[in-house]
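Undergrad: A predicted structure for the sequence below; I have some questions about it.
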Amino acid sequence: MFRWKKLGRVFDPETVDGRTWLKQFAQAPSIVVFDAFVRVYFSTRPLPDERGQYCSYSGYVDLDRGNLMSVLRVSEDPVLPLGESGAFDEFGTYPISVLPDGKDFVAYYAGWTRCESVPFNVGIGMARSTNGGVSFEKVGKGPVLPYSVDEPFILSGPKIRRFGDMWQLWYIAGSKWIIADGKPEPVYHIRMACSDDGIHWIKQNRNLIPTRIEENEAQASPDVIFKNGRYHMFFCYRYSTSYRGKEHGYRIGYASSDDMYHWDRDDSKAGIDISDEGWDSEMVAYPHVFELDGETYMLYLGNQVGKHGFGLAKLEGTL
Amino acid sequence: MSGLKWRKLGQIFDPIQFTLPNECGEFAQSPQALVFDQYVRVYFSSRRRDPDYPGKYLSHICFADFDKSMTQVLRVSDAPVIPLGKLGCFDEHGIFPMNVLRHDGKIYGYTSGWTRRVSVSVDTGIGLAFSHDDGLTFEKIGDGPILSASLNEPFLVGDPFVQVYNGVFHMWYIFGTEWRTFSNDQPPDRIYKIGHATSRDGITWIKEEARQLVADRLGDESQALPTVIEAQGRYHMLFCFRESHNFRKAKDRGYRLGYAYSDDLSTWTRADEKIGIEVSVSGWDSEMLCYPHVFECDGRVYLLYNGNEFGRRGFGIAVLE
C-alpha cells in the first residue's frame, strides 16, 4: 500500500513575465536530475490567436534539488522550434520526454498539426541536445514513429525509458474520432514500442491498459518506473465526452507489470485523487514519477489539464 | 542503348460518357491495369464534389473493363470499389491512385490516401487493401497506412507502384521534401521526389528513407507516379515530372513524362530523351502528359496515361513498338 502526500503547486505559468511563448499552461512535466537542481520540462502556450487557436511550446524550470518547491530559473526560450510548413509539428510540440544519452540528451516529443475534418493530428518526433538540455535539434523533419495500419492517427504522449539494453517508448495511439455535441473528440489508448537504437521502433500493436470507466475512455501520460522488482505505471484517464469539468475529467490510474509488456490495472491503488478545493479540485492528470535522494515523487497537473501549472506529491509507503 | 518508341492509340476513356458510382463525373486519373483472360480492368480515380466543402473534391476509385485490343469499353464499375477512410484517417478525402498487383493468387491494392490540412492543402499516405472478388471490391487491412511520413520523409508519402522481382516486393513511391511559398499571394506548393522501399510480404516495408532515386532535370522539379517494367534484362521506369509552381496554367511548366533505367534496381540513370513519347500537336494530350502506367498484355507492352488538365477528360493508351 502506498499513497501520495500532496506538497502543493510547484509552478504557476501565469507568474512568469517576459516570455511571449509562456503565458498559459504548464503541461506534462517530466524531469532530468542535475547535481544541484532538477530540471522539469513542460509544455506551455502563448495566448491564443484571433481565432482562439493555440500553439504549444516546450520549455523547462529548474527546481532546487534541496527544496523542490523552489524554482531557481525558467528557460528563456522554448527548447524546440515549431516545424516548418506542412510538417507534423508545425503548430505544437507537446508533450516532451527527455533522457540522458552519454553526454547528450535525447528528447521524444509530440508534434501537432491542424486538419480540416478533425481539429488536429499528432505524431511523435525525436530531437537531441548537445548543450546540456537547454535546446534540442530535431533528428529529422518528420516523425520517428510513423502512423501504421493499426495506429491511424494521434500518436502522442511519448515517455522514453531505457530498462536494460533496449529503448522503450510508451505512448498513446488514437483509435477513432467520435462526434460529441457536434464536435469530433478523439479516443486514444496506451501503447508501447521497443528499439535497439532509439530510431527504429517495433510496435507492440496492442492496447496495454484495458479501459475501465467506459469503452471510449481516453488514456494518457503512461509513466513507468521500476521499483522493488516490478514495473509501475501511473497514467491518467478520462471520459470521452464532457471531460473538461470535474465529473468526467482526468483522474490518475495505476497498473503494474513483471515484464513491462503485460499490465494489471488497479486504479484503487493509485493513491492520489482530486482535492476538496484548490488548484487540483476538479482533475488530476499527467503524472510523472521519479526517485530523488531516497524519496519518490510525483509531478502532476490539476484543473484544466495544467492551465494553472503543476504540483508535487511525495510517496508514503512503498511501490 | 536505343530509345523506346511508343505508338499512340489515342484517348480510350472519357468519364463523362459513362455513369460512375459515388456520383463521380469528371476526371479519370492515373489509370492502372489488371489483366484478365478475357479483358483488361483499368482502375482510375474519379471525383465528386464534396457536398460539405464547396470547391473541393473527393477522389474515388472506379474501373472500366476493356476488350483485349484496348479499344472497346465492356463495362464500368457500378458500385464503389473501395470506401474512403473514416473520420480523421489518412484516406478520408480521397484515394488517388490505387495500384493493383496480382501475386501468388492474391490481388493487392496499394492506395494513395488523401486527407486535408489547414496550413497546407493536403497530406497523403499509402494504404493496403485486398480483393477477394476478382477486383470488384477491395477490403482495407486497417484504418491506417502501411507507409507514411518518417524522420526524413516528412510528408506526402504516396503514389505507390509495386512489383515483385526475385521474391522481393519493390515499391516505388513519392515523398515530399518541402512545402514552399513561391509567391506571397499564393498558398504553399509541394515538392516531391521518387523513393523506394522493399518488403518480404508486401505488408511490412523498409524504406530507403529519403534517397531520391531519379536525378532532377528542372530546378524545382516535382516527380510523380513511377511505373516500372522489366524488359530484356533491364528495368525501365516511367514517371511524370513538372515545375513545382505555376504548373496548372502555364503549358510549358506542366507535367511531362520522364524516363530512367536500371540494371540492378538500385542505381537509376535518367534518360528522358529516350522515352519516345511527346505531347501531341493538338487534341486531348497536347498540353500535358502525366500519370503513366506500363503493363504487359498478350505479349505487348502498353502505356496508359493522362493528358490535359491532369486527366479531367480521361485517359489514353500507347503501345511499345
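TA: Right, received. Where do you want to start? Numbers count the residues shown, from 1 in each chain, chains lettered A, B, ... in the order given.
Undergrad: List the contacts of the closest residue to residue B:233 other than its chain neighbours.
TA: Counting by C-beta to C-beta, 6 or more residues apart in numbering or on different chains, residue B:233 lies nearest to residue B:263, which is 7.4 Å off, once chain neighbours are set aside. (C-beta placed from N, C-alpha, C; glycine too.) Residue B:263 makes contact with B:233-235 under the criterion C-beta atoms under 8 Å, 6 or more residues apart in numbering or on different chains.
Undergrad: Quick one: those as TSV, columns for pLDDT too.
TA: As requested, the contacts of residue B:263 are arranged in TSV below (pLDDT from 0 to 100):
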residue	pLDDT
B:233	89
B:234	95
B:235	97
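Undergrad: Quick check on the residues you listed: which are buried?
TA: Among the contacts of residue B:263, those scoring as buried are residue B:235 (criterion: 16 or more other C-beta atoms under 10 Å in any protein chain shown).
Undergrad: Of the contacts of residue B:263, which is the nearest to residue B:146?
TA: The closest of these to residue B:146 turns out to be residue B:235 (C-beta to C-beta; 23.0 Å).
Undergrad: Pick out whichever of the contacts of residue B:263 sits closest to residue B:143.
TA: Nearest to residue B:143 among the contacts of residue B:263: residue B:235, at 33.8 Å, using C-beta to C-beta.
Undergrad: Report the beta-bridge partners for that closest one.
TA: In this entry, residue B:235 is beta-bridged to residue B:230, residue B:262, by DSSP bridges.
Undergrad: Now for it: which residues touch it?
TA: By C-beta under 8 Å, 6+ apart, the residues touching residue B:235 are B:228-229, B:261-263, B:265.
Undergrad: residue ranges with poor pLDDT in chain B?
TA: Scanning chain B with the threshold set as pLDDT under 70 gives B:1.
Undergrad: what lines up beside the longest strand along it in the sheet?
TA: Longest strand of chain B, by residue count under DSSP state E: strand B:168-180. Within its sheet, strand B:168-180 is paired with strand B:155-165 (antiparallel), strand B:189-199 (antiparallel), according to DSSP bridges.
Undergrad: Which among those strands is found nearest to residue B:89?
TA: Between the strands paired with strand B:168-180, strand B:155-165 lies closest to residue B:89; by C-beta to C-beta that is 14.5 Å.
Undergrad: Pull out the buried residues from that closest one.
TA: In strand B:155-165, counting by 16+ other C-beta under 10 Å, buried: B:155-163.
Undergrad: Would you format those as CSV with distance to residue B:272 included?
TA: Formatted as CSV, the buried residues of strand B:155-165 follow (distance: C-beta to C-beta, whole Å):
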residue, distance to residue B:272
B:155, 27
B:156, 23
B:157, 25
B:158, 22
B:159, 19
B:160, 23
B:161, 19
B:162, 24
B:163, 22
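Undergrad: Looking at these, spot the one nearest chain A.
TA: For the buried residues of strand B:155-165, the minimum distance to chain A (C-beta to the nearest C-beta) is 5.2 Å, reached by residue B:155.
Undergrad: From the structure, what's the count of residues near the residue nearest to the closest one when sequence neighbours are not counted?
TA: Spatial nearest neighbour of residue B:155, excluding adjacent residues (C-beta to C-beta, 6+ apart): residue B:176 at 4.4 Å. Residue B:176 has 24 neighbouring residues, counting by other C-beta atoms under 10 Å in any protein chain shown.
Undergrad: Could you verify that residue A:157 is part of a helix?
TA: No. Assessed with DSSP: H, G, I helix; E, B strand; the rest coil, residue A:157 is strand; it does not lie in a helix.
Undergrad: quick one, what contacts the nearest residue to it once chain neighbours are set aside?
TA: Nearest residue to residue A:157, sequence neighbours excluded (C-beta to C-beta, 6+ apart): residue A:172, at 4.5 Å. Each residue near residue A:172 by C-beta under 8 Å, 6+ apart is listed here: A:154-157, A:188-191, A:219-220, A:222.
Undergrad: ditto for residue B:305
TA: Applying C-beta under 8 Å, 6+ apart, the residues near residue B:305 are B:31, B:257, B:285, B:289-293, B:315-318.
Undergrad: so where's the stretch 51-200 of chain A uncertain?
TA: Looking at the stretch 51-200 of chain A by pLDDT under 70, you get an empty list.
Undergrad: in it, which spans are helices?
TA: Remark: helices of the stretch 51-200 of chain A are absent; assignment by DSSP state H, counting those that start in this stretch.
Undergrad: near chain B, which residues of it?
TA: Remark: the part of the stretch 51-200 of chain A in contact with chain B comprises A:83-88, A:90-91, A:113-118, A:121, A:123, A:126, A:139-144, A:146-154, A:174, A:176-177, A:179, A:184, A:186, A:199, using C-beta under 8 Å from any C-beta of the partner chain.
Undergrad: What values do phi and psi take at the residue in the stretch 201-321 of chain B positioned nearest to chain A?
TA: Nearest to chain A, among the residues of the stretch 201-321 of chain B, is residue B:203, at 8.0 Å (C-beta to the nearest C-beta). Here is the backbone geometry of residue B:203 (degrees, to the nearest 10): phi -110, psi -50.
Undergrad: so it sits right up against residue B:142, yeah?
TA: No. Contact criterion C-beta atoms under 8 Å: residue B:203 and residue B:142 do not qualify, at 10.1 Å.
Undergrad: How is the closest residue to residue A:239 other than its chain neighbours classified with respect to secondary structure?
TA: Leaving out its chain neighbours, the residue that sits closest to residue A:239 by C-beta to C-beta, 6+ apart is residue A:248, at 3.6 Å. What three-state DSSP gives for residue A:248 is coil.
Undergrad: In TSV, list the strands paired with strand B:168-180 along with distance to residue A:211.
TA: Conversion of those to TSV gives the following (distance: least, C-beta to C-beta, whole Å):
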stretch	distance to residue A:211
strand B:155-165	32
strand B:189-199	34
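Undergrad: Residue A:99 is nearest to which of those strands?
TA: Closest of these to residue A:99 is strand B:155-165, at 27.2 Å (criterion: C-beta to C-beta).
Undergrad: Give me the distance from that closest one to the chain's centre.
TA: Counting by C-alpha atoms, centre = their mean, to the nearest Å, strand B:155-165 is centred 9 Å from the centre of its parent chain.
Undergrad: Doesn't residue B:135 lie inside a strand?
TA: No. With three-state DSSP as the criterion, residue B:135 is located in coil rather than a strand.
Undergrad: That one - how many residues pack around it?
TA: Counted with other C-beta under 10 Å, residue B:135 comes out at 19.
Undergrad: wait, doesn't it sit right on residue B:41?
TA: Yes. In this structure, residue B:135 is within contact of residue B:41 by C-beta under 8 Å, at 5.6 Å.
Undergrad: who touches both of the two?
TA: With C-beta under 8 Å, 6+ apart, residue B:135 and residue B:41 have common neighbours B:34, B:63, B:100.
Undergrad: need the contact list for residue B:5.
TA: Contacts of residue B:5 by C-beta under 8 Å, 6+ apart are B:276, B:320-321.
Undergrad: ok, of those residues, which come out buried?
TA: For the contacts of residue B:5, buried by 16+ other C-beta under 10 Å: B:276, B:320.
Undergrad: do you know how far the closest residue to residue A:278 other than its chain neighbours is from residue B:282?
TA: Nearest residue to residue A:278, sequence neighbours excluded (C-beta to C-beta, 6+ apart): residue A:302, at 7.8 Å. Separation of residue A:302 from residue B:282 (C-beta to C-beta, to the nearest Å): 71 Å.
Undergrad: the more surrounded of these two?
TA: residue A:302 (24 against 8).
Undergrad: isn't that one right next to residue A:313, touching?
TA: No. Using C-beta under 8 Å, residue A:302 makes no contact with residue A:313, being 11.2 Å away.
Undergrad: correct me, but residue B:47 touches residue B:62?
TA: No. Using C-beta under 8 Å, residue B:47 makes no contact with residue B:62, being 10.2 Å away.
Undergrad: Need the overlap of contacts for these two.
TA: What both residue B:47 and residue B:62 touch, as defined by C-beta under 8 Å, 6+ apart, is the set residue B:24.
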